[in-house]
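In: Model the following, please.
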Amino acid sequence: MATIVHFEIPADNIERANKFYGSLFGWKIENVPEMDYWMFRTGAGNGEQVMGGGIMLRYYPQEPVTIYIGVDSVAEYSKKVEKLGGKVTKPKTEVPGHGWFAVCTDTENNAFALWENNPQQQR
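Out: Presented below is the predicted three-dimensional model:
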């Protein structure tokens, strides 16, 4: 079953956002310099489910938090999105060394993203 695997928080001020979320929830936030991106985990991983997230610069006003839903095939789920009345607003895109994503909207105009791991990069 598809599940939420990641979420992204857009920020106008990265340092301020990192300080806020790190202080509020105790998240350890680490920079990914080659992507101009900051990653964190939302759980300790000791038997509890751990979800990852990221903080990035806001690209446009009112940009929402985006949830990423893990699927077996971004291409196949993109077709399903459109068949069910949603839209693919950013087609399948590679994140080198990690996997692929597509950004979609549902029938209520809510944005979400599909995520497919690159099986060659699994640990």
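
In: If you average the pLDDT over the longest helix along the chain, what comes out?
Out: Longest helix in the chain by number of residues, with DSSP state H as the criterion: helix 14-25. What helix 14-25 shows for mean pLDDT is 93.

In: State the next helix or strand along the chain beyond it.
Out: Heading C-terminal from helix 14-25, the first helix or strand you meet, by DSSP states H and E, is strand 30-32.

In: who's in contact with that following strand?
Out: By CB atoms under 8 Å, 6 or more residues apart in numbering, the surrounding residues in contact with strand 30-32 are 37-40, 54. Any C-beta I mention is one placed from the backbone N, CA and C, and that applies to glycine too.

In: So for stretch 1-20, what gets flagged as buried?
Out: Of all the residues in stretch 1-20, those buried under the rule 16 or more other CB atoms under 10 Å are 5-11, 14, 17-18.

In: what separates the longest helix of the chain from the chain centre, distance-wise?
Out: 18 Å (CA atoms, centre = their mean, to the nearest Å).

In: what does stretch 58-66 give?
Out: 13 Å.

In: One more: stretch 82-92?
Out: 17 Å.
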